[in-house]
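Asker: Quick one: sequence plus predicted model below, questions after.
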Amino acid sequence: MTGGGISLHDGLTIEATDELAGVARWLRQAVEQSMGWRVEISGHARPSTTSGNVVRLVLERGDDRDEHRSPVEGYRLKVGDDAVTVTASGPAGVFYGLQTFRQLLPDSSWRVATIEPAPPLALTGMEVSDEPAFAWRGVHLDVSRHFMPKGFVLKLIDLISMHKCNVLHLHLTDDQGWRMPIEAYPRLVEVGAWRRESAAGHYREGRFDGRPHGGFYSTDDLREIVGYARERFVEVLPEIEMPGHMVAAIAAYPELGNSLEPREVLTTWGISPHVLNLEPATLKFCTDVLDEVIDLFPFGYVHVGGDECPTSEWEASEKAQALMTAEGLDSERQLQAWFTARIARHLSGRGRRLVGWDEILEGGAPPGAVVMSWRGEEGGIKAASAGHDVVMAPQQWLYFDWAYADDPREPLAICPGTSVERVWSYDPVPDSIPEVQRHHVLGAQCQLWTEYVPNAEHAEYLYFPRVSAFSEVMWRGAAARDLSGPRSFEEFESRLRQHLRRFDAIGVNYRPLEGPTPGQSRVWVR
Ligand code: ACM
């Protein structure tokens with residue numbers, strides 16, 4: 001806190017140089033539409049206009065990339081007597097400073113229309129210097145098990161950027177649906193995007209809903225998603241699963257499988273034994289698909305899955321066995337690693353790093369691969385110790401398809417029990433990673449698998465407010481927390497309660513802290 005302060009009101013000026021024009025327009029739109037103030041964007045160096053009703057955006061000359069070539073995301077926010085000033089060394093930092101500034105505005109500023117013009121806003125003088133604890137602050141969405149409309153993906157980008165998260169991982173393909181058009185293989189969406197029906201209730205009950213399901217994004221939809229995300233400093237990480245979780249593709253192109261037996265896009269959940277063969281034409285299929293993915297998604301990383309790939313078909317396949325012999329491989333798991341290494345080389349030739357689930361460590365992960373540790377923290381610990389970069393995504397803390405509580409009011413979910421407090425308590429850097437390897441933990445990611453999430457409304461319920469707790473750890477770091485004392489969960493929860501008012505203004509179907517509303521409690525799939 002410093003002394004003094006400022007009053008902001010109708011006729012606000014945002015001062016920004018050309019490099020910050022996009023960020024300035026984003027702020028102007030948010031303020032104009034909800035607060036009913038006129039807002040003007042002007043360049044710097046107009047001292048006569050700096051009458052005290054000013055938000056000034058300043059780029060400090062300095063490197064806007066850190067030593068890992070990641071954007072520098074820190075900022076300083078100062079509420080002074082003549083202006084609110086946000087200073088950073090790159091546009092991303094300015095954007096995060098403005099996200100913090102938005103928290104000083106009334107809750108109604110999160111609406112998209114003006115209910116009544118906002119009165120002048122008195123802000124007390126203060127100065128904040130802030131930067132994230134982790135570079136990779138990810139949110140994952142499975143759009144394969146249930147297709148999620150584009151409008152929801154865009155809303156999710158707004159919500160995750162509001163929480164200063166910066167990666168949206170889209171799980172675009174799986175056994176139950178293929179969601180991205182590939183020009184060279186049109187049947188991937190013609191056939192692979194649709195399934196006859198879906199499991200109803202828990203899949204072990206063996207019941208089905210009798211209703212077709214599917215959908216896919218057009219190429220322009222995906223370009224729009226990427227562009228919208230980049231304006232909000234979110235990178236989109238595409239995931240194309242291989243060599244397992246590929247039944248939608250095998251249904252479209254049976255020659256990709258290990259027998260020519262026709263398969264349909266799967267209608268139930270779980271792990272399928274039907275996986276890709278690893279013959280040259282299939283490798284070409286994979287690299288052709290990835291080339292189109294790279295053309296569309298500019299992020300420096302591409303996720304190729306690699307999890308849950310049974311080897312029974314390769315054990316029974318003469319061709320797979322011959323390939324193993326020719327390549328001098330001792331096991332089917334090594335065959336998978338051989339395949340992943342070829343894919344990694346292809347990606348690296350096109351300037352992209354491979355990301356895979358922690359199973360890619362079995363049989364040896366390719367050099368430079370990033371490991372997403374989902375079966376707990378062990379994969380991440382092992383990967384970091386072996387010199388791989390790691391994104392922590394352990395299911396026991398960060399799988400948001402798990403229910404909030406073991407409570408009959410909770411809707412059907414795959415597992416019970418990941419509370420907001422449990423998410424808040426997560427520490428992405430386990431003590432068992434040696435000090436010198438800790439820099440390999442790029443950050444963490446929360447996952448939303450959608451087997452039991454039939455629509456966007458239910459996805460919002462499962463994300464929020466757990467994403468708020470996740471973002472608290474991602475930005476402030478585990479060290480900023482005590483399990484009791486001034487930075488306890490209770491302290492977080494009291495801030496979270498205020499934050500939920502913003503969700504009310506936006507229209508987010510979040511779960512109240514006391515438990516689901518009667519409408520949310522209704523069982524979604526049964
Ligand atoms: C996973 O949950 N199979 C990554």
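Answerer: Nice, I can see it.

Asker: Contact partners for residue 102?
Answerer: Residue 102 sits next to 27, 30, 109, 162 when contact means C-beta atoms under 8 Å, 6 or more residues apart in numbering. C-beta here means a position set from N, CA and C on the backbone, and glycine is covered the same way.

Asker: surely the third one meets residue 29?
Answerer: Pointing back at residue 109 there. No - the pair residue 109 / residue 29 is not scored as a contact, 11.3 Å apart, by C-beta atoms under 8 Å.

Asker: Looking at these two, which is more packed in?
Answerer: More neighbours surround residue 109 than the other of residue 109 and residue 29, with 20 against 12 (other C-beta atoms under 10 Å).

Asker: The closest residue to that one other than its chain neighbours: what's it in contact with?
Answerer: Excluding the flanking residues, the one nearest residue 109 by C-beta to C-beta, 6 or more residues apart in numbering is residue 34, at 4.6 Å. Neighbouring residues of residue 34 by C-beta under 8 Å, 6+ apart: 108-114, 118.

Asker: Which of those residues sits closest to the ligand?
Answerer: Comparing the contacts of residue 34 against the ligand with C-beta to the nearest ligand atom places residue 110 closest, at 32.6 Å.

Asker: tell me which parts of the stretch 151-300 of the chain are close to the ligand?
Answerer: Residues of the stretch 151-300 of the chain lying near the ligand by C-beta under 6 Å from any ligand atom: none.

Asker: Which stretches in the stretch 151-300 of the chain count as helices?
Answerer: 187-190, 219-231, 247-252, 280-296 (DSSP state H, counting those that start in this stretch).

Asker: Need the winner for burial among these.
Answerer: helix 247-252 (a mean of 26; mean count of other C-beta atoms under 10 Å).

Asker: So which of the contacts of residue 102 are in strands?
Answerer: Among those, no residue falls in strands (DSSP state E).

Asker: Narrow these to those that are buried.
Answerer: Burial by neighbour count, 16 or more other C-beta atoms under 10 Å: within the contacts of residue 102 this picks out 27, 30, 109, 162.

Asker: So which of those residues is the closest to the ligand?
Answerer: residue 162 (26.3 Å).

Asker: tell me the contacts of the nearest residue in space to the closest one that is not next to it in sequence?
Answerer: Of all residues not flanking residue 162 in the chain, residue 99 sits nearest, at 6.3 Å (C-beta to C-beta, 6+ apart). By C-beta under 8 Å, 6+ apart, the contact set of residue 99 is 161-162, 164.

Asker: who's in contact with the residue in the stretch 401-526 of the chain that the ligand sits nearest to?
Answerer: The ligand sits closest to residue 449 of the stretch 401-526 of the chain, with a gap of 6.3 Å, by C-beta to the nearest ligand atom. By C-beta under 8 Å, 6+ apart, the contact list for residue 449 reads 142, 145, 171, 399, 401, 414.

Asker: I'd guess the residue nearest to residue 109 is in a helix, am I close?
Answerer: Yes - counting by DSSP: H, G, I helix; E, B strand; the rest coil, residue 34 is found in a helix.

Asker: From the ligand, how far out is it?
Answerer: 38 Å (C-beta to the nearest ligand atom, to the nearest Å).

Asker: Find me the pLDDT at that residue, would you?
Answerer: If you check residue 34, the pLDDT there is 98.

Asker: Residue 48 too?
Answerer: So, for residue 48, pLDDT stands at 49.

Asker: Looking at the stretch 151-300 of the chain, which residue is nearest the ligand?
Answerer: residue 245 (7.9 Å).

Asker: So which of the contacts of residue 102 are in helices?
Answerer: Of the contacts of residue 102, the ones assigned to helices by DSSP state H are 27, 30, 162.

Asker: Please report phi then psi for residue 137.
Answerer: phi -120, psi 90 (degrees, to the nearest 10).

Asker: Then the one 3 residues further on?
Answerer: Here the main-chain torsion angles of residue 140 (degrees, to the nearest 10) amount to phi -110, psi 140.

Asker: what do you get for residue 232?
Answerer: Residue torsions, per degrees, to the nearest 10, at residue 232 are phi -110, psi 20.

Asker: OK, contacts around it?
Answerer: Here residue 232 is in contact with 26, 95, 157-158, 161 (criterion: C-beta under 8 Å, 6+ apart).

Asker: likewise residue 115?
Answerer: residue 108.

Asker: can you confirm it is in a strand?
Answerer: No - assessed with three-state DSSP, residue 115 is coil; it does not lie in a strand.

Asker: Could you tell me which residues of this structure lie near the ligand?
Answerer: Counting by C-beta under 6 Å from any ligand atom, the positions of the chain adjacent to the ligand are 307-308, 357, 374.

Asker: ok, of the residues you listed, which come out buried?
Answerer: Looks like the residues of the chain next to the ligand have 307, 357, 374 buried, using 16+ other C-beta under 10 Å.

Asker: what's the closest non-adjacent residue to residue 511?
Answerer: residue 461 (5.4 Å).

Asker: list the contacts for that neighbour?
Answerer: 411, 509-511, 516, 520.

Asker: Please name the nearest non-neighbouring residue to residue 89.
Answerer: Nearest-residue entry for residue 89: residue 62, 4.2 Å, with adjacent residues in sequence omitted and distances by C-beta to C-beta, 6+ apart.

Asker: so is the one you found in a helix, a strand, or just coil?
Answerer: Applying three-state DSSP: residue 62 is coil.

Asker: how close does it sit to residue 267?
Answerer: Residue 62 is 55 Å from residue 267, where distance means C-beta to C-beta, to the nearest Å.

Asker: The two - which one has more neighbours?
Answerer: Applying other C-beta under 10 Å to residue 62 and residue 267 shows that residue 267 carries more neighbours, namely 17 against 9.

Asker: Alright, that wraps it up for me.
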